[in-house]
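Participant: sequence unavailable; structure follows:
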């Protein structure tokens, strides 16, 4: 819920993650949100993906 985002953001700031994003999705009048996070920064993720290609 929108009301819990601030609490979740506080919790995420206490764990060792590189970045997170809150993503809004909507269908009609209903808006949902989910949080995605990564333990790796963008440069590290790109390096990992290059190894698999």
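Facilitator: Arrived safely, thanks for sending. Please read all numbers here as calculations on a predicted model, not as lab measurements.
Participant: where along the protein do the strands fall?
Facilitator: 19-27, 30-38 (DSSP state E).
Participant: neighbouring strands of the last one in the sheet, and parallel or not?
Facilitator: If I follow you right, that is strand 30-38. strand 19-27 (antiparallel) (DSSP bridges).
Participant: what about the partner strand, distance to the chain center?
Facilitator: 8 Å (Cα atoms, centre = their mean, to the nearest Å).
Participant: averaged pLDDT, that strand. What do you get?
Facilitator: Mean pLDDT, computed over strand 19-27, is 91.
Participant: count of residues packed around residue 40?
Facilitator: Neighbourhood size, residue 40 [other Cβ atoms under 10 Å]: 13. For every residue, glycine as well, the C-beta is placed using N, CA and C.
Participant: for it, what are its contacts?
Facilitator: Residues in contact with residue 40 (Cβ atoms under 8 Å, 6 or more residues apart in numbering) are 18, 48.
Participant: that older thread, format the strands of the chain as JSON lines; extra columns: distance to residue 8 and mean neighbour count.
Facilitator: JSON lines is the format used below for the strands of the chain (distance: least, Cβ to Cβ, whole Å; neighbours: other Cβ atoms under 10 Å):
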{"stretch": "strand 19-27", "distance to residue 8": "8", "mean neighbour count": "10"}
{"stretch": "strand 30-38", "distance to residue 8": "6", "mean neighbour count": "11"}
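Participant: distance to residue 49 added to those, as JSON lines?
Facilitator: As requested, those are exported to JSON lines (distance: least, Cβ to Cβ, whole Å):
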{"stretch": "strand 19-27", "distance to residue 49": "16"}
{"stretch": "strand 30-38", "distance to residue 49": "12"}
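Participant: between these, which one is closest to residue 7.
Facilitator: For the strands of the chain, the distance to residue 7 is smallest for strand 30-38, at 11.4 Å, taking Cβ to Cβ.
Participant: and for the closest one, what's in contact with it?
Facilitator: Against strand 30-38 from outside (Cβ under 8 Å, 6+ apart): 2, 5, 8, 12, 17-26, 45.
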